[in-house]
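Visitor: structure for the following, please:
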Amino acid sequence: MPSISRLIRTNRAAVAALLVALGGVATIAGAWFFQLVVGLPPCPLCLEQRIPYYVAVPLAIVVLAAIAWTVSRTIVRFGLVLLALTMLIGAGLGAYHAGVEWHFWAGPSDCSGQLNQLGGPGGLLGRLSTVRVVRCDEAAWRFLGLSLAGYNALISLALAGVALWGIKAPDRT
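Guide: Residues are numbered from 1 along each chain as shown. Here you go, the predicted model:
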């Protein structure tokens, strides 16, 4: 079995899998930083956007291991296709959430729009003391006009492109 450094020098699919894994870990670490250090609690759509990363990081590691174990190129390409599709789903979720924040379309009723289900008499005060609603339709943070959802869409798209690059690029011999 070749060393990881040799694989990275000679196999672009390995580079792609490694970049997707590292990019996914960095993105999730960034999301946790904003949640735990900066104090921006995630809304339900934010939490859903993390799921593709929770799938892609282990899958990228499996693809990298498959390359190290010299599994067939067809299986490696299939793994990279799955990585690209997973990250495209992540990009779609990020774009949807960014659109909800810009009010291009309605978001889920449990975290955007008007509050309709307040309960019966006395129910409102009881619910307000126990429930903290994090709005999906209000960006908690923006930089250069983009919210975290917008940046997630761009990062996911870039990682999907990296996975596709790994599929198309020939290995050096």
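
Visitor: the strands in the chain, which residues?
Guide: 142-143, 146-147 (DSSP state E).

Visitor: would you list those strands in JSON lines and tack on mean neighbour count?
Guide: C-beta coordinates here come from the backbone N, C-alpha and C atoms, glycine included. Listed next are the strands of the chain as JSON lines, based on neighbours: other Cβ atoms under 10 Å:
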{"stretch": "strand 142-143", "mean neighbour count": "10"}
{"stretch": "strand 146-147", "mean neighbour count": "18"}
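
Visitor: mean pLDDT for those: which is lowest?
Guide: Among the strands of the chain, strand 142-143 carries the lowest mean pLDDT, a mean of 72.

Visitor: ok, longest helix in this protein?
Guide: Ranked by residue count and defined by DSSP state H, the top helix of the chain is helix 73-101.

Visitor: which among the strands of the chain is found nearest to Pro108?
Guide: strand 146-147 (16.4 Å; Cβ to Cβ).

Visitor: give the pairing partners of that closest one; include direction for each.
Guide: strand 142-143 (antiparallel) (DSSP bridges).

Visitor: from Tyr53, how far off is the closest residue to Ala149 other than its chain neighbours?
Guide: Closest residue to Ala149 in three dimensions, ignoring its sequence neighbours and counting by Cβ to Cβ, 6 or more residues apart in numbering: His97, at 3.7 Å. Counting by Cβ to Cβ, to the nearest Å, the gap between His97 and Tyr53 amounts to 14 Å.
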